[in-house]
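>>> Kindly generate the corresponding structure for this input.
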Amino acid sequence: MPRVTTPCIGVCSTALGDAVCRGCKRFAHEVIDWNGYSEEQKQAVDRRLDEFLSQVVANKLQIVDAALLEWQLQTQQIRYKAHKRPEIWAFTLLKAGATQIVDPAEFGLDIDAQYRDVPLTQLRDMIDREFYILSEAHYDRYMKVVV
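Residues are numbered from 1 along each chain as shown. Have a look, this model is predicted:
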């Protein structure tokens, strides 16, 4: 397992008072304390984020050919983390090239029927928004201190 790198994407909203970062979806205390975390703590955060994102992606599309998806990422020279789940790869692809993909099947993807008429840029944004909502709900349920 490779060393966990910061999930920060440079769009931090915790400095504006958000309990959950709208960029990386970590909790504010995780953003603040990240550099002091052990590798195990970082892996726990990384696993949670991967599980949430994978769940949201899987609710919108299916990976029908992971090898084709990976080949396309390599061919298109899109940086991705090979040790992550293919659903994470799919979101990486959408972030990098949603405007340029004409046929998702050429990338090993099958968009669920209810989203087939949704532009991929909008689907990408829906996934990101639901990923945030899921992270925020998890924070509210398990982390939020009620006074």
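>>> Identify each buried residue in the helix ranked longest in the chain, please.
Secondary structure of the chain read by DSSP state H shows that its longest helix is helix 120-142. Neighbour counts over helix 120-142 (16 or more other C-beta atoms under 10 Å) mark 120, 123-124, 127-128, 130-132, 134-136, 138-139 as buried. The C-beta positions use only the backbone N, C-alpha and C, and glycine is treated the same way.
>>> and which of the residues you listed is nearest to residue 96?
The shortest approach to residue 96 among these belongs to residue 124, at 9.8 Å (C-beta to C-beta).
>>> Pull up the per-residue confidence for the residue nearest to the closest one when sequence neighbours are not counted.
In space, and not counting its chain neighbours, residue 124 is closest to residue 94: 4.0 Å by C-beta to C-beta, 6 or more residues apart in numbering. Here, the pLDDT recorded for residue 94 equals 98.
>>> Residue 94 reaches residue 127, doesn't it?
Yes: judged on C-beta atoms under 8 Å, residue 94 makes contact with residue 127 at a distance of 7.1 Å.
>>> Pretty sure the residue nearest to residue 124 sits in a helix.
Yes: with DSSP: H, G, I helix; E, B strand; the rest coil as the criterion, residue 94 is part of a helix.
>>> got the contact list for it?
Counting by C-beta atoms under 8 Å, 6 or more residues apart in numbering, residue 94 makes contact with 101, 120, 123-124, 127.
>>> again with residue 93
Contacts for residue 93 (C-beta under 8 Å, 6+ apart) come out as 69, 72-73, 76, 78, 80, 101, 107, 109.
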